[in-house]
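Enquirer: When you get a sec, could you give me coordinates for this:
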Amino acid sequence: MGLPVEELIRRVRRDREVEGLSIRALARKHRVGRKFVRRALASTIPHQRKTPERQAPVLGPFHEIIDSWLRQDASLPVKQRQTLVRMTARLREEHGCPAAYGAVRDYVGKRRRQLEAELFSVPAALPGFVPRFNVPGQDAEVDFGELFVRIGDQLVKCYLFVLRLCYSGFAIHRAYPSSSQEVFLDAHAHAFRVLGGVPAGQIRYDNLTPAVVSVVYRSRDRVENPRWKAFHEHHGLTVWYCQPGKSGAHEKGGVEGEIGYFRRTYLSPPPTVTDLDELNSMIDEWQERELHRHIGQRSRSIGQDFATEAKLLKPLPTEPFDTRLQLSCVTDRYAMINVRANRYSVPARFIGRRLRVMLGAEDLLIYHGVTEVARHRRLIARGEEKVELDHYLGILLGRPGALQGSRVLHHARAQGAFTSEHEAYWAKARKDLGDQDGTRALIHILLLHRHNHPADVQHGIRTALGLGTLSLDVIALETRKAAQAAGRAPTVTAPPGEHLQP
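Expert: Numbers count the residues shown, from 1 in each chain. Next up is the predicted model:
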């Protein structure tokens, strides 16, 4: 890089005074023109070059036409304004202007901003930000941020919900498999429970799809999703929406910065976890650690400021709001329903029937009428399946050969529900009774899990095998004895979704 102009002028003047070099010698030594040397000797202030005014010989006569189009477009919706391609075509077709697209683009890009400032009386904005005064217990900000975690060997995309109190900077974080509406509502309910109350002032949002159906043109008004509107009215929230796009990001800069800070500090590189429950337990610990942090130059910690703020939050509603989304699904011939690009099993007796699904942020409940028939943990990645062996026992009684090599058996083994006791019993039953009858005997044993604790059934199987018998009656009797010894009722029906659990 060359020397700054001021330094070059100083060296030229010094060499003239000290060494008495000529203009030609100075120009040769410093590798500049003689005109520069003469100006440097005449003044220490660098010569200011005039920026030439660029002429537009082709487009110039048509500037007023383009200006009139821009004035008309300013009052139209954005989607129906003329594009640069359209303006170039109209100039050529209607006015015989041969100007190229690039010339029209350069002029419109500069002129459109000037005209909008004139029409809407918007002064040129200076760069920078204005410090905000935050009142304890009043305002908060909410947003989602993308997050990648390793679940097993798979890198999975999740979403980090953050609600940040503006005064103390205390933030609630929680990871979810999606940013859908049921997640959006559940995340708020979780945050308010942790805070012990509801912010009394504004909660600032961008235009998230779970909350906003559409933006009213050139205003702060929004057409809200009815379910979101019912939720925030139930909790008495004062909702405030930022401007659309990047221009509104600075209006909730606290939560934007919090997402980036938390992700860089605790979630980089992506953590390896077994499921989102484990991840959220880790997040809760990190969240507690943040209470001791000082933001910027503050003398008080986040926890100290939150202690002041917590007393000023509005109390929670006495009645909770059900954040689950209600869906209706038809069971296919594989005893499965399709929910949000994932498949979940239901008891086989409901094949072909329409069931009611209550989809939550972390689980889903399946009903036939008012009776709960199944429940599952919500799957994270798309295209996955969640099956329970118990749901297929009715089919397997008639088709015992389908058990070996089936997907439901593979899932049961992977989850630890099909234990070594079941494997040992099945192996002995097939050896003594044959494949068909031995598998049916195993299925009758698996049916015991519907009314007994898994540990009790496993004890019954071990005892029976120790006695050298496959008798269902012996296993059932030993199962009841184990339940009584553990202080459990021996024939309590297991809740839906808890059969054959490890």
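
Enquirer: Could you tell me how far whichever helix in the chain runs longest lies from the centre of the chain?
Expert: Longest helix in the chain by number of residues, with DSSP state H as the criterion: helix 101-119. Here helix 101-119 is found 37 Å from its chain centre; the criterion is Cα atoms, centre = their mean, to the nearest Å.

Enquirer: just for the stretch 1-150 of the chain, where's the confidence low?
Expert: Regions of the stretch 1-150 of the chain meeting the criterion pLDDT under 70 cover residues 1-2, 51-56, 117, 119-127.

Enquirer: All the strands of it, in order from the start?
Expert: For the stretch 1-150 of the chain, strands defined by DSSP state E, counting those that start in this stretch occupy the ranges 140-151.

Enquirer: can you give me the strands for the stretch 301-450 of the chain?
Expert: According to DSSP E, counting those that start in this stretch, the strands that the stretch 301-450 of the chain contains are 325-330, 336-339, 342-345, 354-359, 363-368, 371-377, 385-386.

Enquirer: Could you export those strands as JSON lines, including mean pLDDT, distance to residue 417 and mean neighbour count?
Expert: Bear in mind the C-beta positions are built from the backbone N, C-alpha and C, glycine included. What follows is the strands of the stretch 301-450 of the chain, written out as JSON lines (pLDDT from 0 to 100; distance: least, Cβ to Cβ, whole Å; neighbours: other Cβ atoms under 10 Å):
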{"stretch": "strand 325-330", "mean pLDDT": "92", "distance to residue 417": "24", "mean neighbour count": "14"}
{"stretch": "strand 336-339", "mean pLDDT": "94", "distance to residue 417": "18", "mean neighbour count": "18"}
{"stretch": "strand 342-345", "mean pLDDT": "94", "distance to residue 417": "13", "mean neighbour count": "21"}
{"stretch": "strand 354-359", "mean pLDDT": "94", "distance to residue 417": "23", "mean neighbour count": "18"}
{"stretch": "strand 363-368", "mean pLDDT": "93", "distance to residue 417": "18", "mean neighbour count": "20"}
{"stretch": "strand 371-377", "mean pLDDT": "92", "distance to residue 417": "13", "mean neighbour count": "18"}
{"stretch": "strand 385-386", "mean pLDDT": "90", "distance to residue 417": "12", "mean neighbour count": "16"}
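
Enquirer: Share the number of residues neighbouring residue 486, please.
Expert: 12 (other Cβ atoms under 10 Å).

Enquirer: Would you mind measuring the gap between the ends of stretch 223-240?
Expert: 13 Å (Cα to Cα, to the nearest Å).

Enquirer: Now do the same for that stretch: mean pLDDT, whole number.
Expert: Mean per-residue pLDDT for stretch 223-240: 92.

Enquirer: CSV for the strands of the stretch 301-450 of the chain, including distance to residue 277?
Expert: Shown next, in CSV, are those (distance: least, Cβ to Cβ, whole Å):
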stretch, distance to residue 277
strand 325-330, 21
strand 336-339, 20
strand 342-345, 18
strand 354-359, 18
strand 363-368, 11
strand 371-377, 9
strand 385-386, 15
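
Enquirer: for the ones you listed, which one sits closest to residue 426?
Expert: strand 342-345 (21.0 Å; Cβ to Cβ).

Enquirer: ok, residue 165 to residue 423 distance?
Expert: 53 Å (Cβ to Cβ, to the nearest Å).

Enquirer: Looking only at neighbour counts, state which of these two leads.
Expert: residue 165 (28 against 12).

Enquirer: Could you report the separation of the more buried one from residue 129?
Expert: Counting by Cβ to Cβ, the gap from residue 165 to residue 129 is 20 Å.

Enquirer: what's the answer for residue 404, then?
Expert: Counting by Cβ to Cβ - residue 404 and residue 129 are separated by 67 Å.

Enquirer: what about these two, which has more around it?
Expert: residue 404 (11 against 7).

Enquirer: Let me know the pLDDT of the more buried one.
Expert: pLDDT at residue 404 comes out at 90.

Enquirer: can you check residue 322 too?
Expert: pLDDT at residue 322 comes out at 89.

Enquirer: Ramachandran coordinates for it?
Expert: phi -80, psi 110 (degrees, to the nearest 10).

Enquirer: which residues touch it?
Expert: Not one residue lies near residue 322 by Cβ atoms under 8 Å, 6 or more residues apart in numbering.

Enquirer: Please report how far the residue nearest to residue 347 when sequence neighbours are not counted lies from residue 373.
Expert: The shortest distance from residue 347 to any non-neighbouring residue, by Cβ to Cβ, 6 or more residues apart in numbering, is to residue 391 (4.9 Å). The gap separating residue 391 from residue 373 is 9 Å, by Cβ to Cβ.

Enquirer: Find the residues that touch each one of these two.
Expert: 346, 347.

Enquirer: Pull the contacting residues for the residue nearest to residue 347.
Expert: Residue 391 neighbours (Cβ under 8 Å, 6+ apart): 335, 345, 346, 347, 348, 374, 408.

Enquirer: Recalculate using a threshold of 6 Å.
Expert: 335, 345, 347 (Cβ atoms under 6 Å, 6 or more residues apart in numbering).

Enquirer: thinking again about what came up before, can you check which of the strands of the stretch 301-450 of the chain gets nearest to residue 190?
Expert: Closest among the strands of the stretch 301-450 of the chain, once you apply Cβ to Cβ, is strand 363-368, at 13.6 Å.

Enquirer: Adjacent strands (with direction) for the closest one?
Expert: Applying DSSP bridges, strand 363-368 is found paired with strand 354-359 (antiparallel), strand 371-377 (antiparallel).

Enquirer: right, and the secondary structure at residue 168 would be what?
Expert: With DSSP: H, G, I helix; E, B strand; the rest coil as the basis, the three-state label of residue 168 is coil.

Enquirer: wait, doesn't it sit right on residue 303?
Expert: No. Contact criterion Cβ atoms under 6 Å: residue 168 and residue 303 do not qualify, at 8.1 Å.

Enquirer: who has more neighbours, the two?
Expert: residue 168 (24 against 14).

Enquirer: Quick check: closest non-adjacent residue to the more buried one.
Expert: Nearest non-adjacent residue to residue 168 (Cβ to Cβ, 6+ apart): residue 305, at 3.6 Å.

Enquirer: Ok, residue 15 next?
Expert: Residue 15 sits nearest to residue 21 (Cβ to Cβ, 6+ apart), 5.2 Å away.
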